[in-house]
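**Student:** Any chance you can model this:
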Amino acid sequence: MGLPDFDAPLAAGQSTIAPTSLAHVVLRTADLPRLEDFYTKFLGGKVVFSDGPISFIAYDNEHHRIALIAIPGTAAKNPKMCGLEHIAFAFDSLADLLLAYRQRKQQGILPCWSVNHGPTTSIYYRDPDGNMLETQTDNFGSADEATAFMMGPKFRENPIGTDVDPEALIAALREGKTEAELKVREEIGPRGVPDIDAM
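**Tutor:** Numbering: from 1, shown residues only. The predicted model follows:
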């Protein structure tokens, strides 16, 4: 295979070549040991390198997914400022999502919000610095099905979703309800963006 034409202009309607994946996220912190401990527990991960002001954490086949860097003078997070809202981590099944929830709970890591968005069922957390983290499982069998739901009237009416209780979902699975049944969003009509900071 030859080299691409690096000087070729974009044709009308042509997009920039897309990346193959999102490789990692780097978080700035004033307390690296505390965040390193949190993320290894939260992700079931391991530190692959830590020295001085930097730490790299892996939990899958990538050499690192989260990097932490301690920079002197870092101030506390202001939740009212522009910037990254959250990082999302996916699970293959609702049962896995709920098992991770229970395992985190045993380690004192509690969620701040649980919701069925429609395309996903999601459980949100905050790290010790106040960064929001989403753990989710897809509610549809394919991206095309999820996209179709997102383009439909139910999602247009309520793109935020319906709150769910992880403990109630666990109980329902134990009672014999299927994941498919539990992933169907209860429709509650229009809903604004909740104040997650107040939850």
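**Student:** can you list the domain ranges for this structure.
**Tutor:** 23-72, 85-189 (automatic domain parsing).
**Student:** Please, where are all the helices along the chain?
**Tutor:** With DSSP state H as the definition, the chain shows helices at residue ranges 32-43, 94-106, 143-150, 153-157, 166-174, 179-183.
**Student:** So which of these is the most surrounded?
**Tutor:** Neighbour counts (mean count of other Cβ atoms under 10 Å) averaged over each of the helices of the chain peak at helix 32-43, with a mean of 18. For glycine as for every other residue, the C-beta is placed from the backbone atoms N, C-alpha and C.
**Student:** elements contacting that helix?
**Tutor:** In terms of contacts (3 or more Cβ pairs under 8 Å, 6 or more residues apart in numbering; DSSP states H and E), helix 32-43 is packed against strand 46-51, strand 54-58, strand 66-70.
**Student:** Please tabulate these in CSV, including the columns distance to residue 141 and mean pLDDT.
**Tutor:** Output for the helices and strands packed on helix 32-43, formatted as CSV (distance: least, Cβ to Cβ, whole Å; pLDDT from 0 to 100):
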stretch, distance to residue 141, mean pLDDT
strand 46-51, 32, 97
strand 54-58, 29, 98
strand 66-70, 29, 98
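**Student:** Correct me if wrong: residue 28 contacts residue 69.
**Tutor:** Yes: Residue 28 is within contact range of residue 69, at 5.7 Å (criterion: Cβ atoms under 8 Å).
**Student:** contacting residues for the residue nearest the centre of the chain?
**Tutor:** Centroid-nearest residue in the chain: residue 88, 1.4 Å away (criterion: Cα atoms, centre = their mean). By Cβ atoms under 8 Å, 6 or more residues apart in numbering, the residues touching residue 88 are 122, 133-136.
**Student:** in the sheet, who's paired with it?
**Tutor:** For residue 88, the beta-bridge assignment (DSSP bridges) gives partners residue 134.
**Student:** quick one on the thing from earlier: can I get the domains of the chain in a markdown table including distance to residue 9?
**Tutor:** What follows is those, written out as a markdown table (distance: least, Cβ to Cβ, whole Å):
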| stretch | distance to residue 9 |
| --- | --- |
| domain 23-72 | 28 |
| domain 85-189 | 31 |
